[in-house]
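Visitor: Following is a predicted model, sequence given first.
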Amino acid sequence: MNKKLDKTQEQHWLHEERVFIEFLNGNTFLKEVRSFDKGIPPQPDVICKIEDGEKLGFELVRLDESEFLKDISIGFARRRVLKEMTSSESEFGEILRQKFPNRFLWLSICRGVQLNRFPKVLGAGLRFLACQDESFVKEMIVPIKDLPELERVEITVLEQSPTHFDLYPEAIGIDDSIVKIIAKKAGKTYQSDCPVDLLAYYEIQPSMLEQQTIDEIQTVFSEIDLSRFRRVWLFDRYSKIKHQFKPTLAKGNK
């Protein structure tokens, strides 16, 4: 790194350096990294020296910006309501479990619904499902009068598993913020003579990098053309969990 950094740039680099060191620790996929330094734009953020004198670039992006945190908090609040309203002691929980054993029950609710109205809309969806025949296994647009926020429900079969309830990712509210953040990185032009990986990380505490969240983020990633990157990594600094995605063209470009 030859270019002198101002104080703000230096603080930013020191933060990214710490993140990258934590990411490398215990990462069996990246044992070939021997050393690294800061890349100077339009190079990627980090330039690594690896085995045999080759190089590998990393572009870092922090996911937990304010809008992302807001979306995540709304998503978790909605899931708490869903858990309460589908518990075995709730009005619909036990009815739906008895009627639809070994089923996955999905509900899609408009993301614009305020949290104080969300239980009413969710209750209407659960009531709709409770009124269906036991053989109901499909996706359905739900035209419920005076409740346009309830967009659709779906029931799929689970093999030898208890009844499970969930909200579609668009009802949870994590995708718009991530799309904006990742698309900005994917749209950059990198001047590099080596392959580049994307390292997306966040520092939310407590950790929220559960398999369900990973699946939702991977669905979001599939909407963005990430083919310029060799690999895409998701890293949770709090839990130290690392997950690797295979970059793809966006669905609309395939």
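Guide: On my side now, so go ahead. Numbering: from 1, shown residues only.

Visitor: May I ask you to confirm that Pro148 is in contact with Val113?
Guide: No: contact criterion C-beta atoms under 8 Å: Pro148 and Val113 do not qualify, at 10.0 Å. Heads up, the C-betas are built off the backbone N, CA and C, glycines and all.

Visitor: Comparing those two, which shows the higher neighbour count?
Guide: Set Pro148 next to Val113 and count neighbours by other C-beta atoms under 10 Å: Val113 wins out with 19 against 11.

Visitor: quick check, that one in a strand?
Guide: No: checked against DSSP: H, G, I helix; E, B strand; the rest coil, Val113 lies outside a strand; its state is coil.

Visitor: for it, what are its contacts?
Guide: Neighbour list for Val113: Val121, Glu149 [criterion: C-beta atoms under 8 Å, 6 or more residues apart in numbering].

Visitor: next one: Ser88
Guide: For Ser88, the residues meeting the contact criterion (C-beta under 8 Å, 6+ apart) are Glu94, Arg97.

Visitor: at 6 Å instead, please
Guide: For Ser88, the contacting residues are Glu94, by C-beta atoms under 6 Å, 6 or more residues apart in numbering.

Visitor: Please determine how far it is located from Glu134.
Guide: To Glu134, Ser88 is 19 Å away according to C-beta to C-beta, to the nearest Å.

Visitor: Give the helix, strand or coil label for Lys185.
Guide: Relying on three-state DSSP, one would call Lys185 helix.

Visitor: In a strand, Asp37, correct?
Guide: Yes: using three-state DSSP, the secondary structure at Asp37 is a strand.

Visitor: how near is it to Pro119?
Guide: 53 Å.

Visitor: which intervals of the stretch 1-150 of the chain have sub-threshold pLDDT?
Guide: Low-confidence segments of the stretch 1-150 of the chain, defined by pLDDT under 70: 1-3, 29, 31, 65-70, 72, 136-146.

Visitor: Do you have the strands of it handy? List them.
Guide: Ranges of strands in the stretch 1-150 of the chain, per DSSP state E, counting those that start in this stretch, are 33-38, 46-50, 55-62, 103-109, 139-141, 150-157.

Visitor: Can you say which of these is nearest to Ile95?
Guide: Of all those, it is strand 103-109 that lies closest to Ile95, at 11.8 Å by C-beta to C-beta.

Visitor: report the angle between the axes of the closest one and strand 150-157?
Guide: Counting by axes from the mean of the first three to the mean of the last three C-alpha atoms, to 10 degrees, strand 103-109 lies at 170 degrees to strand 150-157.

Visitor: buried stuff in strand 103-109?
Guide: For strand 103-109, the neighbour count (16 or more other C-beta atoms under 10 Å) marks Arg103, Phe104, Leu105, Trp106, Leu107, Ser108, Ile109 as buried.

Visitor: Can you give me the neighbour number for Gly57?
Guide: Applying other C-beta under 10 Å, we find 23 residues neighbouring Gly57.

Visitor: Then Gly75?
Guide: Gly75: 21 neighbours (other C-beta under 10 Å).

Visitor: Roughly how far does it sit from Val153?
Guide: Counting by C-beta to C-beta, the gap from Gly75 to Val153 is 19 Å.

Visitor: and if you look at Gln11?
Guide: Applying C-beta to C-beta, the value for Gln11 to Val153 is 49 Å.

Visitor: need the helices for the stretch 101-250 of the chain, in chain order.
Guide: With helices called from DSSP state H, counting those that start in this stretch, the stretch 101-250 of the chain shows them at 118-130, 169-172, 175-186, 211-221.

Visitor: Highest average neighbour count across the ones you listed: which stretch is it?
Guide: Mean neighbours per residue, mean count of other C-beta atoms under 10 Å, is largest over the helices of the stretch 101-250 of the chain for helix 169-172, with a mean of 21.

Visitor: and that one, what's its mean pLDDT?
Guide: What helix 169-172 shows for mean pLDDT is 56.
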